[in-house]
Structure formats: C-alpha cells, structure tokens
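Colleague: Based on what follows, work out the 3D shape:
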Amino acid sequence: MQLDRRTFLQTAAAASALSVSGIAGRAFAADGDIKLASIHDLSGLFDIYGKSMDQAVMLAIDEINAAGGLLGKKVEQVTYDTQSQIPMYTQFGQQAALKDKVSVVHGGILSASREAIRPTLGRFKTLYFYNTQYEGGVCDRNIFCTGVTPAQSVEALMPYAIGKFGKKIYTVAADYNYGQIISKWVAYYAKQNGGEVIQTDFFPLDVADFGATIAKIQSAKPDFVMSALVGGAHMSFYRQWAASGMKAKIPMASTTLGAGNEQVVLTAAEGDGILLAYNYSKELDTPANKAFLAKWEKKFGDTKPIHELAVATYQGVLLWAAGVKKAGSIDRMKVVDALETGISIDGPAGKVTVDPKTHHCTLDVHVIEVKNQKMNVVKSLSQVAPKDTQSVCDLKANPNDITQYEIKI
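Modeller: Have a look, this model is predicted:
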C-alpha cells in the first residue's frame, strides 16, 4: 500500500531530521547467536499496532529458546523503532541486513512500509516475513505473508453482514493503497452476495473530522456502513458516528477495526454491534488460545495489548523457526525451500499452513461481533486459502517474480 504523495513527503521530511541513533531502539543480539530483526512502529501514529507486534516477537523467541533454541544456538532479537516513518523501513532494513547481519526480518504494518523494505531485503538477500492483514497480491519468493487477505476476511464478512443488515452499503476507507483496493473487494463481494455499494468515500490518514461525511451517509440511507479506516486519527469516525445518533439507526461492519484492539479504546456504546472478520479473537475458546493468553500475561502482565496483528506476528516467528528446523540451516534459500514444502504450525488462532505457490497462509477465519469491548465469534470458517493471491502468483512456475499485483476484479 502506498501512502498518498503529500503524506509520504511529510513523512520523509520528518524522518530526514531524525538521527539513526535516536531511532534504532534495542539491540539484544550476542555474537554467535541467530539474529532476528523486529522492525515495527513502536511510536508515532501506528504504535497501537507495532508495540504489540514487537512484544509478540519477544514471546515467540522466548518459547523457541526455552525449547533449546535453533540448531543448537539461541535466537536473539534486534529491535528497531521506525517511529511510524516510512523511510526508516528502508534504512533499518539495510542496517539489519548489512550491519547487524540478521537471518530474518519480521516487520512492517502499512503496505507502504512493506514496499519500502521488501526490495531492500531482496537486494541484500535477507529473508522477510510480513505479518499483517493486507490487500493481497504480493508475489516474491523472499517474503512470507501470514496475515489475512480479502479472499479470507472480506469474503467471510460480506455475506454475513448483508444477511444481517441488508444490501445497500456505504463504504468509508483510508486514502492509500489498502483502502482503495479493499474497497474494490468490498464492492466485488457485495455484488457476489446480492448487495450493492452505493457510495465510497476516501480519507487521508490524518483526517479526524467526519461530520460532513456522517451527514452524507444519513442522506444516502444505506442498510449498513463498511469501514476500512486506519490509524489513530480515523478512530474519531466511530466516536462521532455514535455521538451523532447514527449508530442506533445504521449498523456497521469493518475490515480494519479490532486489528489493533481498537474495540477496547472505544466504549461499548461506540463499538457494540460492529461486525468484523479475522483469523484471531481473544475470545476464541480453545486450549491453544488459553495457553497463549496465559503465556502472554505471565511475560507482560496484561493481555489487553494482544490483537490480530500481534498473533499473526507470533505465528510468523514460529513458522520461520519451523522452516529453520526443517532445513537444518539458517541459509536463506534452504529455509525458503523448507517453508515451500507446505509447512504448518498450530498457533493461538489455529492451524497455519504456508501455501507454497504464493508464500501466503491458509488460515481459519472467524466472523466477529463487537460486544462490551470484546470480539465475540459468531461464525467460523476452517482453513480458508488466499484465493485472491493464488489467482496471480505462482512462485513454483515463476520463482523470480517480485511483483505486487493489483488483482483485477
């Protein structure tokens, strides 16, 4: 996902004023150990996602080391704080590969951050895991994507929402690649299920006043609103929607709310009733999830920070470790070959299996309703494949492909 040009230039200008020493964060790695880089937004606009993702890396590494490490060595973490500045992903990707000589990078939240770091890590032959829900379409043998794509999340959410709320949909979305592309998937799956998107509005990431839009939605009289808004500023929409009295009149679904635990920031009056679809919910009543929550609480003292992207990151680190074990090596291409056997792990959200042709994952998907700041599962789908990316990507046939496809729908 690319940020709009104005936002990118503002980000670049801010980043250029920062010194590397002021951003680099924690370096835990010791000589002789296997180094893993965590490159996330630990401060700034997107820290609601990045802090928990970094904690998830810590927890997974603790478990790996407690079980004897990998190949007789400990895994050590090198952590960088990008401060929600896109250019820092390129800078720290290069530093991780060349100076810190890590074996793998886990990082990125916005797709803009992924596309800033992906070519850098490819050029310097450093394996990359992107553990975030996104719009799909990345086809690159050097990257593994563990988050849900539209064919997993939107395809599950749309028929349930239309069946519950009705067929007329008004979409509000963040004005960058994710929002623009996901809105097309919303329209596609609406049509597939007898619905219709009557209007789509896009908003820059720094917009926080939605009064005029709320009035437009009121006039349009949709059966429900689909939100693909992103980040701290956009949280204002949900509060203003409830304060206007519209929440009681027009229900809502979202492709993004809850991925960073936003339902906890909202009051029950602001969030109750919103429909979502993800791989993970803290309310999953399974032994694996209960064990995960207990481990997180023991290490960090509080399970509130856990969210979809944190769990995808935790599962991504465990997938990488499984690949290293199977390969018997940290050599990049040997690990890639091992992962391409269709390797699986059992995580807090269930079975996670690498799709060899796309390097995406087959996952369980849950339709969720927000209630009392919790994400209650109302429907579950088992082992859903990333069909959207499968339609454009075949790394077995085209191993040198390094394209982010915009999937035609």
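Colleague: Can you tell me the SS state at the residue lying farthest from the centre of the chain?
Modeller: Most distant residue from the mean C-alpha position of the chain: Ser219, 33.4 Å away (CA atoms, centre = their mean). When classified by DSSP: H, G, I helix; E, B strand; the rest coil, Ser219 comes out as helix.
Colleague: Tell me how far the nearest residue to Asn400 once chain neighbours are set aside lies from Ile402.
Modeller: Nearest residue to Asn400 in three dimensions, chain neighbours excluded: Arg141, at 7.6 Å (CB to CB, 6 or more residues apart in numbering). (Each C-beta comes from the backbone N, C-alpha and C, glycine too.) Separation of Arg141 from Ile402 (CB to CB, to the nearest Å): 8 Å.
Colleague: These two: who's more crowded?
Modeller: When Arg141 is set against Ile402 and neighbours are counted by other CB atoms under 10 Å, the residue ahead is Arg141, at 19 against 14.
Colleague: Does that one touch Leu339 like I think?
Modeller: No. Arg141 is beyond contact range of Leu339, at 10.2 Å (criterion: CB atoms under 8 Å).
Colleague: overlap in contacts of the two?
Modeller: Residues touching both Arg141 and Leu339 (CB atoms under 8 Å, 6 or more residues apart in numbering) are His359.
Colleague: same for the strand or helix carrying Cys139, what does it pack against?
Modeller: Applying DSSP states H and E as the criterion places Cys139 in strand 138-140. When contacts are defined as 3 or more CB pairs under 8 Å, 6 or more residues apart in numbering; DSSP states H and E, strand 138-140 packs onto helix 111-123, strand 402-404.
Colleague: Among these, show me which one is buried the most.
Modeller: Of the helices and strands packed on strand 138-140, the one with the most neighbours on average (mean count of other CB atoms under 10 Å) is helix 111-123, at a mean of 22.
Colleague: Partner strands of the strand holding Cys139, with direction?
Modeller: strand 402-404 (antiparallel) (DSSP bridges).
Colleague: ok, residues contacting the strand it pairs with?
Modeller: Contacts for strand 402-404 (CB under 8 Å, 6+ apart): 115, 119, 122, 137-142.
Colleague: With stretch 52-66 instead?
Modeller: 36, 38, 40, 42, 70, 74-77, 79, 106, 109, 131, 260-261, 295-296, 299-300, 305-307, 309-311, 313-314, 317-318, 321.
Colleague: Now do the helices for this structure: every range, in order, please.
Modeller: 5-16, 47-66, 86-94, 111-123, 154-165, 177-192, 211-220, 235-243, 262-265, 268-271, 287-300, 308-327, 332-339, 387-390 (DSSP state H).
Colleague: okay, which residue is most central for the protein?
Modeller: With CA atoms, centre = their mean applied to the chain, the nearest residue to centre is Thr132, 2.0 Å.
Colleague: Next one, pLDDT for the nearest residue to that residue once chain neighbours are set aside please.
Modeller: Distance criterion CB to CB, 6+ apart; nearest residue to Thr132, sequence neighbours excluded, is Gly147 at 4.6 Å. Note for Gly147: predicted pLDDT of 97.
Colleague: hang on, the earlier thing: could the helices of the chain be laid out in JSON lines, adding distance to Ala253 and mean pLDDT?
Modeller: JSON lines is the format used below for the helices of the chain (distance: least, CB to CB, whole Å; pLDDT from 0 to 100):
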{"stretch": "helix 5-16", "distance to Ala253": "26", "mean pLDDT": "36"}
{"stretch": "helix 47-66", "distance to Ala253": "20", "mean pLDDT": "96"}
{"stretch": "helix 86-94", "distance to Ala253": "29", "mean pLDDT": "97"}
{"stretch": "helix 111-123", "distance to Ala253": "21", "mean pLDDT": "96"}
{"stretch": "helix 154-165", "distance to Ala253": "4", "mean pLDDT": "97"}
{"stretch": "helix 177-192", "distance to Ala253": "9", "mean pLDDT": "94"}
{"stretch": "helix 211-220", "distance to Ala253": "14", "mean pLDDT": "97"}
{"stretch": "helix 235-243", "distance to Ala253": "12", "mean pLDDT": "96"}
{"stretch": "helix 262-265", "distance to Ala253": "13", "mean pLDDT": "90"}
{"stretch": "helix 268-271", "distance to Ala253": "12", "mean pLDDT": "94"}
{"stretch": "helix 287-300", "distance to Ala253": "23", "mean pLDDT": "97"}
{"stretch": "helix 308-327", "distance to Ala253": "15", "mean pLDDT": "98"}
{"stretch": "helix 332-339", "distance to Ala253": "33", "mean pLDDT": "98"}
{"stretch": "helix 387-390", "distance to Ala253": "19", "mean pLDDT": "96"}
